[in-house]
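K.L.:
Sequence and predicted structure below; questions after.
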Amino acid sequence: MKARVFVTLKKSVFDPQGKTIADALHSLGYQGVGDVRQGKFFELDIAAASADQARTLAAEVADKVLANPVIESYRVEVE
């Protein structure tokens, strides 16, 4: 199964890279773009008997390796 993990900074954490991207978009004329939050995307191939098992394993990997739970949050999708 494929699991996708989306990791982003928590809302309370300043995102300097996102701010730089937003500023660049505004200077290019994209005034309709508001706040930009930058993140990471991971796609995992997981051998699991069910989608729930794959989701549990992907969440464990995200919590221990892919994300820093102090400043980042993550979302898992299983296909």
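P.N.:
Ah, there it is.
K.L.:
Glu79: what's its closest spatial neighbour, skipping adjacent residues?
P.N.:
The shortest distance from Glu79 to any non-neighbouring residue, by Cβ to Cβ, 6 or more residues apart in numbering, is to Lys2 (4.4 Å). Any C-beta I mention is one placed from the backbone N, CA and C, and that applies to glycine too.
K.L.:
And Thr8, by the same measure?
P.N.:
The spatial neighbour of Thr8 that comes closest, neighbours along the chain excluded (Cβ to Cβ, 6+ apart), is Gly39 at 3.7 Å.
K.L.:
quick one: the residue nearest to Glu79 from His26, how far?
P.N.:
Per Cβ to Cβ, to the nearest Å, Lys2 is found 36 Å from His26.
K.L.:
Same question for Lys64.
P.N.:
38 Å.
K.L.:
Over to Ile71?
P.N.:
Relative to His26, and taking Cβ to Cβ, Ile71 is found at 26 Å.
K.L.:
and what of Gln17?
P.N.:
Between Gln17 and His26 the distance is 15 Å, computed by Cβ to Cβ.
K.L.:
quick one: which of Ile71 and His26 has more around it?
P.N.:
His26 (14 against 11; other Cβ atoms under 10 Å).
K.L.:
Just to be sure, that one is in a helix?
P.N.:
Yes: assessed by DSSP: H, G, I helix; E, B strand; the rest coil, His26 belongs to a helix.
K.L.:
residues contacting it?
P.N.:
Applying Cβ atoms under 8 Å, 6 or more residues apart in numbering, we find His26 in contact with Val33.
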